[in-house]
Each structure stands twice: as structure tokens, then as C-alpha cells.
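here's a sequence, model it:
(one chain, ligands or ions: 1)
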Amino acid sequence: MESYRGARTALIVGAGMAGLTAASAMARRGWQVEVAEIGPAGATAGWGLCLTGPSLRALDELGLADLCLAAGYGMSVITQVDVDGGLAAEVRLPRLIGAERPAMVGMARPALYRTLREQADRCGVVVHHGLTAAAVDQEGEQVRVQMSDGTVRRVALLVGADGIRSSVRRLLGLETSVEYHGQMVWRALVPRPPWATGIHQFAGKVNTAGLVPISDSQAYVFLTENGVERSVLPDVELMPRLWQLLETFPGRVEEVRSLVTGPTSVVRRPVLTAFLDGAWNRGTGVVIGDAAHAPAPQMASGAALAIEDGAVLAQELDRHTSIGAGLDAFVSRRAQRCRTLVETSVAIADLEQAQRHAEAYPLVDACHRQMAEPA
Ligand SMILES: Cc1cc2nc3c(=O)[nH]c(=O)nc-3n(C[C@H](O)[C@H](O)[C@H](O)COP(=O)(O)OP(=O)(O)OC[C@H]3O[C@@H](n4cnc5c(N)ncnc54)[C@H](O)[C@@H]3O)c2cc1C
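Residues are numbered from 1 along each chain as shown. Next up, the predicted model:
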């Protein structure tokens, strides 16, 4: 079966934050968009994330910022606590969508995906699950994509939004390496303590921990485990090991530790980064989001870059008469900003591992201010 011929047809591979945002932004500008997602519907893992100001600004453009604020927990301050439990720094983040709305929002991942997916549905985007691209050929001004179910798409634009291990990146011949930074990050869902009205981060003697509210009733604990081999622990070991790691922190972390009760709410992931040097596009195919630039989670801004990519891609395609020129403009507008974020997040991860927290705080502050500049 062959389908879709036309000037403004797009196939997006990956229904994550970048893919769904790009799909809605383009569909709103008249594109006929189909999304192929390899995973099943509703498979998003249950922990939360923090959407910083640039995410909210890009979501506002799509009319989604208020929905996210309603589904999550709005905040504007990051409180950094030093190893002895004293206040080390208080970062007041710029409010990018107006003084009356908060600077950022903590949110459960499934709630964010639901919001993005419902918007894509409203915009007429067709999303398939259990489907991916198997082979890609540029045929004149169209891309011919052989799909994993044997069907073929001929589209004007192919977008790889399939995450840090992007297979579209490989199919387009755009290779980069994925780096592991000696850190495993933990997340666990807990009830929100009343004092947690912003992000709290606690420097420990070896590791870093913290708390992010994601609704009136829920928050997630995060812990960054330094200097460890990359490994996968059996599910039954997750909760006892997280308890052990949190035990070394004084003060409020002790209280937070007692809130971690259910093993199913604990996840542990390696800190991986990638940055695609040079072009992110070939012919009329392009990669966006983590597929092009995946930062370490220390700046809590990977989602911001992914969501911005979707919005900026749609803008640049509109501004140019050819797709190739639109993609070139997109990459040149995005590359330096994304490189800065990836490199800063790696520098912060290195400082954390070296226990040089005092040097990391101003870097976090300065980088958030830089990211507040227009995307
Ligand atoms: C532990 C952790 C905590 C984080 N916390 C934050 C945070 O608080 N704030 C923040 O801004 N960022 C955070 N990030 C980063 C953020 O999650 C990513 O930057 C963001 O998810 C990137 O979005 P994406 O759409 O590019 O990729 P992804 O979210 O990875 O989405 C890719 C999608 O493509 C699908 N896919 C994969 N391969 C294929 C294929 N071959 N074919 C079809 N579909 C495919 C996947 O199933 C997925 O749906 C965190 C990351 C980690 C690991």
C-alpha cells in the first residue's frame, strides 16, 4: 500500500514530546501529518518531570500552557541546600509567559503526554502505534519511507523524533555517539509535603537528591548516584537501594525518604547525552528533540528543547518556499542553543561528581537565563 502524495505531507517517527509538538504545530499550519510510534498507546512511564520556562513558552504558542499548569504544579524557585543542610542558593527563574503565571511546572509524564496527544488529535494528526520506519530513500523532492508493516509512505518531509537512540538518524546517515557520564538517576513518586512549593535540591557527601512537586497531592524524589557503572537492577532491589542512598542525607531528605513506600513508583536510568555535530537534516529528512541533542537531566531542559524544536520547525517551514531551505534555517536557528544546553548540563554533571556544588549553582542560574532568550 502506498499513500500520501503532496507538497505539505509529513511523516513523523516518534510520538514523544518533540514528535507530538511538531505534529500539532505543523498540522495547525495546514500540513497533513502522520505519526508512527513504535510503542503501544498509553505506555509512558509514571514518574514526573519539570517543564521550565522555555517549555511553557513553546506550549503557550500551541495553546497548551494553561492546560499543563492546571494538570501539574506551578513553581518559580529552585532552592539549593548545601551538604550541611544550610541554604546555598535560591534561583528565581524568569517568568516567560507573564508575571501572573509561574516560571515552570512540575508534571506527571502521563499527564503531559495526554495533553500533547489530545492536541494532536484535535489538529487532525493521525497517530499509529506499533509502527516505525524501516528504510528511507530520497526520490526527488519526496522521501519514500518503507514502514515496518510493509506499507510505504511518500511524503514531502520525514521527521525523526524517535529519541536519543534514533533509528531515523541512522537511516538518514547522520551518526553521533551516545555518552554515559558515570551517573544513574533515580525518581520515585511520593505524596507532596506541604513545604514543597518549588524545586528543592540537596547536595550530599557523594550524591545529590531533591524533590519536585507535580500536583497538589504528588511530588517526585530525585537522586543522582555518582561514580557508578551503568547497570540495570532487578525491580525488587530498587526501593531498598534508594532508601539506602537517601539515608546519607540529613534534614528534609530524611522526611522525604520515609514517603518512598511503593517499589512500583521507583525508576532508575543512566545519564546519557548526545549531540549531533553538523547537519541534522539530509534531503527532506530531519531529526529533532533528543534524536539531535540529548542533555543530561541536571538542567531539567531536555523537554524544553524538544518542545521548542517542534514549534520552531513549523515556523521555519512556513517562512521558506522550499522544505530544504526551511530545514537549513531550522538547524541553524537551533544548533548553538541546543549545544550550549547539552554542554552546560554535562559540565554540571561533572561538577556534581567532583563535589564542586558551589561552582555548579551559578552555572545553572546563568544557563536558565540564557535559555530564557527567545528560542
Ligand atoms: C531520568 C530523566 C529525567 C528527565 N527529567 C527531565 C525534566 O525534568 N525536564 C526536562 O525538560 N527534561 C527531562 N529529561 C529529558 C527529557 O525526558 C527528554 O529530553 C525528552 O523526553 C525528549 O523528548 P523527545 O520527544 O525528543 O524524545 P523521547 O521522549 O525519547 O520520545 C521519543 C519517542 O519515540 C519513540 N520511538 C523510539 N524509537 C522509535 C522508533 N524506532 N520508531 C518509532 N518510534 C520510536 C519512543 O517510544 C518515544 O515515544 C529527563 C530525562 C531523563 C532520562
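
show me what from the stretch 51-200 of the chain comes close to the ligand.
132, 161, 162, 163, 167, 185, 187 (CB under 6 Å from any ligand atom). All C-beta atoms are positioned from the backbone trio N, CA, C, and that covers glycine.

against residue 100, how distant is the residue nearest to the last one when sequence neighbours are not counted?
Sequence neighbours aside, residue 47 is the residue nearest to residue 187 in space, at 4.0 Å (criterion: CB to CB, 6 or more residues apart in numbering). Here residue 47 is placed at a distance of 29 Å from residue 100 (CB to CB, to the nearest Å).

so those two - more neighbours on which side?
Comparing residue 47 with residue 100 by neighbour count (other CB atoms under 10 Å), the higher total belongs to residue 47, at 21 against 6.

contacts only, for the more buried one.
Counting by CB atoms under 8 Å, 6 or more residues apart in numbering, residue 47 makes contact with 108, 109, 187, 188, 189, 220, 265, 267.

surely the first one touches residue 219?
No. Using CB atoms under 8 Å, residue 108 is not in contact with residue 219; the gap is 10.4 Å.

neighbour count: the two, which is higher?
residue 219 (25 against 21).

after the host helix or strand of that one, which helix or strand is next? Please name it.
Taking DSSP states H and E as the definition, residue 219 sits inside strand 218-226. Using DSSP H and E, the helix or strand that directly follows strand 218-226 along the chain is helix 235-246.

give me the packing partners of that following helix, helices and strands only.
Helices and strands touching helix 235-246, by 3 or more CB pairs under 8 Å, 6 or more residues apart in numbering; DSSP states H and E, are strand 179-191, strand 218-226, helix 252-259, strand 266-275.

for the nearest residue to residue 137 once chain neighbours are set aside, name its beta-bridge partners.
Leaving aside its sequence neighbours, residue 137 sits nearest to residue 144 (CB to CB, 6+ apart; 4.6 Å). Bridge pairing for residue 144 (DSSP bridges) gives the partners residue 137, residue 154.

list the contacts for residue 144?
136, 137, 138, 152, 153, 154.

and the pLDDT for the first one?
Think residue 136. At residue 136, the pLDDT value in this model is 98.

next up, the contacts around the residue most central in space within the chain.
Centroid-nearest residue in the chain, with CA atoms, centre = their mean: residue 303, separated by 2.6 Å. Taking CB under 8 Å, 6+ apart, we find residue 303 in contact with 17, 49, 51, 55, 112.

closest to residue 349 among those residues?
The nearest member of these to residue 349, counting by CB to CB, is residue 49 at 17.2 Å.

and residue 265, what's its pLDDT?
Taking residue 265 on its own, its pLDDT is 79.
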